[in-house]
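> Next comes the sequence, and after it the predicted model I'd like to discuss.
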Amino acid sequence: MTRLNAACCCAALLTTVVLLLTQGYPALPAWMLFITWACFFHVGGGEHPAAAFRTVVTHIGLGVLTAWLTALLLLASPWNEGLLHALWGPVVIGLVIGALVRLGVVGYFAVTPAIIYGYASVWAFLSTGGHFSLQALHSLSMQNVILALPPCILIGASMGVLNARLVDWLSRSASPTAVHQR
């Protein structure tokens, strides 16, 4: 089987499996699994799965942690109304994004887009049903983004590794003569 055909088959099969398994666990957003999974291949997971796994988990994890801290800071705004209140969120988020981009000069955190994927994912999560509150952000439940997204990151990166290994196995399992005989 060609690598492209193997990749297509694996993507279809594994996507179906992930969606079937996660539909019973609404606290684990499937979109986060797929963002992480796609990022795994973006950083070279097809060629270097172990390195890609580490990169994706650390970078997206850093983005998630930073956004969670940013959310706490936004909720602690010293202004309740007016221009300063309106500026607080955009200025704080802008400064944090600038710092995360600057962090890209550190070799270990050089894949800035992966960090931003994690950061943005938190805001997607927080924009749903009551998650953007101090109560939710401090809770020891899956309502807290800092507890809900890390399992998704690990599962998504693991699915990337499994996907890469299956593609390798399927594309190596058929000899060139066997492919032509079919």
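Done, it's in.
> Now the most centrally placed residue in the chain: closest residue in space, sequence neighbours ignored.
Taking Cα atoms, centre = their mean, the centroid of the chain lies closest to Thr36, which sits 3.5 Å from it. Leaving aside its chain neighbours, Thr36 sits nearest to Gly156 (2.8 Å; criterion: Cβ to Cβ, 6 or more residues apart in numbering). Yep, even glycine has a C-beta here, placed from its N, CA and C like the rest.
> that older thread, helix or strand for the residue nearest to the centre of the chain, which one?
helix 30-42 (DSSP states H and E).
> what's in contact with that helix?
The contact list for helix 30-42 (Cβ atoms under 8 Å, 6 or more residues apart in numbering) reads 15, 18-19, 22-23, 49, 52-53, 56, 59-60, 113-114, 117, 121, 124-125, 149, 152-153, 155-157, 159-161, 163-164.
> before we move on, what about stretch 89-102?
Under Cβ under 8 Å, 6+ apart, the answer for stretch 89-102 is 62-63, 66-67, 70, 73-74, 77, 112, 115-116, 119.
> Ranking by neighbours, what's the top pick from the residues you listed?
The most crowded member of those, judged by other Cβ atoms under 10 Å, is Ala67 (28 neighbours).
> average pLDDT for the longest helix seen in the chain?
Assignment by DSSP state H gives helix 145-173 as the longest helix of the chain. When pLDDT is averaged over helix 145-173, the result is 96.
> Would you mind pulling up the elements that that helix packs against?
The contact analysis (3 or more Cβ pairs under 8 Å, 6 or more residues apart in numbering; DSSP states H and E) places helix 145-173 against helix 3-22, helix 30-42, helix 49-75, helix 112-126, helix 134-138.
> Cool, thanks, signing off.
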